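Undergrad: how would this look folded up:
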Amino acid sequence: MNNRVTRLSKTFLKQMVLNQSCMSVVAIFILFLFGEIIFPGFISFSHVMSVLRMSVFLGIIALGQTLVVISGNEGIDLSVGSILSLGVVISAFILQGENLRIPIVLIVVPLIGFLLGIVSGAGIAYIGIPPLIMTLAMASVIEGSSLIITKGFPTGNAPPFLEVVGSGRIFEVPYLILLWGVIIVVVSLLLKRTKWGHILYGVGANSFTAELSGINVKRFRMVIYGICGAISAFGGLLLLSYTGTPYLNLGVPYLMPSIAAVAIGGISLAGGSGTYLGAVAGCIVLTTLNSILVALQTTEAMRQIAYGALLFLLIVAYTRRKSE
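TA: Residues are numbered from 1 along each chain as shown. Model (predicted):
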């Protein structure tokens, strides 16, 4: 009996190690514990809420990245940061501090992001341009266009209602965290419980089989890039709710962390597997690490090195355990 229990325990522990999402959760606890040891009060409720709120913006970008990566074809979208920045600028320009314009922005901004994503998706799916090259080119076009249109000085600002969304709380829990929680639940159900979600995983796992089953794989992947663009632009609107005023290239620093969060969360870069919850865990890992490094007064260069080292260690550990 004892031997059986021991075997079951070892099997359970091995499965936890193989599950990179579980490893990410463990990493979160370790980072918070480490932060508390160095800075007493690091795991206070207010600080944890602050870390989670800062994770929201990365989490929104990582959502679009997650869909692209799961769809396969070595998909990675390098334009998400630029579209996020554009979303901030366009939102502020349209809103001009007026609450009545919020419904317009909720339609126009994601639509612009969707169209930009569709352009990238069309180039990738129908012309055969590699995702990295196509989305990098799109990012350059977007950044250059934003600079020309704004002449380097974006105008406008967030209206009062949007600022409440970005900074307000209910029972000491920021509204942004509650909104992100709803998005996490909806997306998780969409991926696991709907036909569309099953198609997404099927296309990512084996596009040839998906094509034989009647799915237009090229069109589907093009639309996925469009959805990623819409999500990124919407993230720009949320980021404006937090900053209040627009700045150029606000979204660029979120690009590499969005890819790192996906990888840390156990989403296969080959496509066809992974969950958004895994990416969420990856986002919290990176944001917590950043909070510790900022508290230690490290430079931006050192923080980038730390991000890369953490990503490398987690992927190596996962690969070694999986080979065993």
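
Undergrad: so where do the helices sit in this protein?
TA: Secondary structure of the chain, counting by DSSP state H: helices at 2-18, 20-38, 45-70, 80-95, 102-122, 131-150, 160-167, 175-193, 195-205, 207-212, 217-243, 255-264, 276-295, 300-323.

Undergrad: Apart from its neighbours in sequence, what residue is nearest Val108?
TA: Ile94 (6.5 Å; Cβ to Cβ, 6 or more residues apart in numbering). C-beta: built from backbone N, CA, C; applies to glycine.

Undergrad: how much space between that neighbour and Tyr126?
TA: Look at Ile94 and Tyr126: by Cβ to Cβ, to the nearest Å, they are 31 Å apart.

Undergrad: quick one: Ser207 and Gly72 touch, right?
TA: Yes: contact criterion Cβ atoms under 8 Å: Ser207 and Gly72 qualify, at 6.1 Å.

Undergrad: neighbour-wise, which of those two wins?
TA: For Ser207 versus Gly72, neighbours defined as other Cβ atoms under 10 Å are more numerous around Gly72 (25 against 20).

Undergrad: isn't the more buried one right up against Thr209?
TA: No: using Cβ under 8 Å, Gly72 is not in contact with Thr209, being 11.6 Å away.

Undergrad: more crowded one of Ile94 and Tyr126?
TA: Ile94 (16 against 12).

Undergrad: In contact with the more buried one, which residues?
TA: With contacts defined as Cβ atoms under 8 Å, 6 or more residues apart in numbering, Ile94 is in contact with 101, 104-105, 108-109, 156.

Undergrad: Gly113 too?
TA: Under the criterion of Cβ under 8 Å, 6+ apart, the neighbours of Gly113 are 83, 86-87, 229-234, 236.

Undergrad: Distance check, it against Val141.
TA: Distance from Gly113 to Val141, by Cβ to Cβ: 14 Å.

Undergrad: residue closest to the middle of the chain?
TA: Ala62 (1.1 Å; Cα atoms, centre = their mean).

Undergrad: Look up how far Ile76 lies from that residue.
TA: Counting by Cβ to Cβ - Ala62 and Ile76 are separated by 12 Å.

Undergrad: export the contacts of Ile94 to JSON lines and tack on pLDDT, neighbour count and distance to Leu189?
TA: Shown next, in JSON lines, are these (pLDDT from 0 to 100; neighbours: other Cβ atoms under 10 Å; distance: Cβ to Cβ, whole Å):
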{"residue": "Arg101", "pLDDT": "94", "neighbour count": "17", "distance to Leu189": "31"}
{"residue": "Ile104", "pLDDT": "95", "neighbour count": "13", "distance to Leu189": "29"}
{"residue": "Val105", "pLDDT": "96", "neighbour count": "23", "distance to Leu189": "27"}
{"residue": "Val108", "pLDDT": "97", "neighbour count": "15", "distance to Leu189": "28"}
{"residue": "Val109", "pLDDT": "96", "neighbour count": "26", "distance to Leu189": "25"}
{"residue": "Gly156", "pLDDT": "90", "neighbour count": "20", "distance to Leu189": "35"}
